[in-house]
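S.K.: Quick one, structure for this:
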Amino acid sequence: MRYDKTIYFVTAGAKVYDESTGDYSRAEPTREPCPASVIDTRAETMTLIYGKIRQGSLTIHIRNHHGMDFDWIEYKGKKYSVDYVRHLRTKDTYVVSEVL
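M.R.: Down below sits the predicted model:
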């Protein structure tokens, strides 16, 4: 398995209070790069997880374990939500779907 693609674990920025306007705004999100193996999700796997075939679903394998919390995964400039996680002995597997 080749870990030749780069994904980003993204954490949304914290809410910051702006005294001049009295509103809350979000700080910039933090992006942590990680080498990964990214493949299309097989039809059998999609049927087990979603109950149907979904467009824009990917399976991502990373070496070792990613122990930090994150809000979404970014790959090729697109935002993906995590639908299924499997922690194996030496790697993590994520099944993700594109957020429109």
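
S.K.: Roughly how far does Gln55 sit from Asp71?
M.R.: To Asp71, Gln55 is 22 Å away according to Cβ to Cβ, to the nearest Å. Every C-beta, even on glycine, is put in place using the N, C-alpha and C of the backbone.

S.K.: Equivalent analysis for Glu98, please.
M.R.: 15 Å.

S.K.: Quick test: name the residue nearest the centre of the protein.
M.R.: Taking Cα atoms, centre = their mean, the centroid of the chain lies closest to Ile73, which sits 2.3 Å from it.

S.K.: Who is that residue paired with across the strands?
M.R.: Under DSSP bridges, the beta-bridge partners of Ile73 are Phe9, Tyr80.

S.K.: Report the separation between the residue in the chain sticking out farthest from the centre and Ala27.
M.R.: Distance from the centre of the chain peaks at Ser20, with 34.9 Å (Cα atoms, centre = their mean). Separation of Ser20 from Ala27 (Cβ to Cβ) stands at 16 Å.

S.K.: Just the strands from this protein, written as ranges.
M.R.: Secondary structure of the chain, counting by DSSP state E: strands at 5-11, 15-18, 23-26, 30-40, 57-63, 72-75, 78-87, 91-98.

S.K.: For the closest residue to Arg2 other than its chain neighbours, which residues are in contact?
M.R.: Spatially, and ignoring its direct neighbours in sequence, Arg2 is nearest to Ser37 (5.9 Å; Cβ to Cβ, 6 or more residues apart in numbering). Shown in contact with Ser37 (Cβ atoms under 8 Å, 6 or more residues apart in numbering): 1-5, 60-62.
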